[in-house]
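Engineer: coords please:
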Amino acid sequence: MPRVWTHLAIAIALGFAAPAAEAQQSTKIPAWLQKHVGTKDGQIAPVVLQRARALYERKRRQGKVRNPCYLAMDATRPSTSRSGKPGRRFYVICEQRKMFRAVSSGYGNGRKLRRANFSNGRQCARNFSNAEGSKLTAGGTYVTAETRTSFKGYYRRAGKRTPFQRTFLLFNGEGETSNARERAIGGHQAVYLKWQCRFKNPKSPHADKDGFVPYGKLVNYTGGRSNGCTTWSPSVSRDILSLVKGKPTSLYIYPEGRDINAVANAVRTGKSLSTAGLYWNAACLKSIGTPKFWPKRQLQPIINEWRRSLPKQKPLVLPICK
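Structural biologist: Numbers count the residues shown, from 1 in each chain. Alright, predicted model coming up:
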């Protein structure tokens, strides 16, 4: 286990026995954490940290979380850093143990429909929404919940057909994100199984009524786009799932609808974001031009109409593997 995550495990153990005075974070950002605050790769923007800390403290006071660590994400940052590596925009912060980690994460890719184009490019997100079926990221406040593990199919590993199961960490939201469960929004590793065929394996617990199981190729999209979920590399996913297992914590995702609308208005009127007290990653803002928030009340009817217009599809039947 990496050293940083060994310390995180210690932090979890100590967090439950910490004195009440120690458990209360100061509103002032401590010096060790201050050095991680900024807009460079690997740093966390001031507004993101401020809101993430405030949410964590509120949830601790309410008794909703006891985990000594909290999570945050800045969805305005690019998918790839200048070095060519996945851009770091997801944060794990454990203040009691002075631990800070910045990792990559995916954001929602959206859709391109006849009545509305709310798709996102691979490098920067322009569109955001809390509408079900939008496949977009919704900024706001969340608390981690239970996990669900599902079988996706078999793939070849070390010359053998191996079952692939992916664990999904559910989020409970509030306010604009209160429909997180309806949207099936949560976190999981950025890997999916691209089905290619099916083979006979009646002894498999995952076989269908005819004894077949799907087979395919694993695709890793670490740092790229998702269906609106938060996605991490396989190793980071394992660490985060272990961190929150049985110990819910808070997650703050930036930007919220109000931030997006304020930045969009500033861009349209030619105002400086810094002068207006606003934040957006500079490189991505230059790339996308004007960000857009699609509220559920506006986008949901469009998505529902599109769904009703789709022709009925026959059930997918995979070919037999050769």
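
Engineer: tell me which residues in the biggest helix by length in the chain are buried?
Structural biologist: In the chain, with assignment by DSSP state H, the single longest helix is helix 46-61. Using 16 or more other CB atoms under 10 Å as the burial criterion, the residues of helix 46-61 that qualify are 48-49, 51-53, 55-57, 59-60. Glycine gets a C-beta too; all of them are placed from N, C-alpha and C.

Engineer: nearest to G173, of those residues?
Structural biologist: Distance to G173 across the buried residues of helix 46-61 (CB to CB) is lowest for L55, with 11.4 Å.

Engineer: surely that closest one meets I253?
Structural biologist: No. Assessed by CB atoms under 8 Å, L55 is found out of contact with I253, at 10.2 Å.

Engineer: max-length strand in this structure?
Structural biologist: strand 140-157 (DSSP state E).

Engineer: Now that one: buried residues?
Structural biologist: So strand 140-157, judged by 16+ other CB under 10 Å, has buried residues 140-144, 147, 152-155.

Engineer: just the helices in the stretch 201-322 of the chain please.
Structural biologist: 234-244, 257-269, 282-288, 296-309 (DSSP state H, counting those that start in this stretch).

Engineer: Make JSON lines out of these and add distance to F90.
Structural biologist: Shown next, in JSON lines, are the helices of the stretch 201-322 of the chain (distance: least, CB to CB, whole Å):
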{"stretch": "helix 234-244", "distance to F90": "8"}
{"stretch": "helix 257-269", "distance to F90": "18"}
{"stretch": "helix 282-288", "distance to F90": "15"}
{"stretch": "helix 296-309", "distance to F90": "24"}
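
Engineer: would you turn the buried residues of strand 140-157 into TSV with distance to R238 and pLDDT?
Structural biologist: Listed next are the buried residues of strand 140-157 as TSV, based on distance: CB to CB, whole Å; pLDDT from 0 to 100:
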residue	distance to R238	pLDDT
G140	26	97
T141	25	98
Y142	20	98
V143	21	98
T144	15	97
T147	12	96
K152	16	96
G153	20	96
Y154	21	97
Y155	18	96
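
Engineer: for those residues, which one is nearest E305?
Structural biologist: Among these, and counting by CB to CB, the member closest to E305 is G140, at 25.9 Å.

Engineer: close enough to count as contact, the closest one and E176?
Structural biologist: Yes. Contact criterion CB under 8 Å: G140 and E176 qualify, at 4.9 Å.

Engineer: do you know how far E57 is from Q43?
Structural biologist: Applying CB to CB, to the nearest Å, the value for E57 to Q43 is 21 Å.
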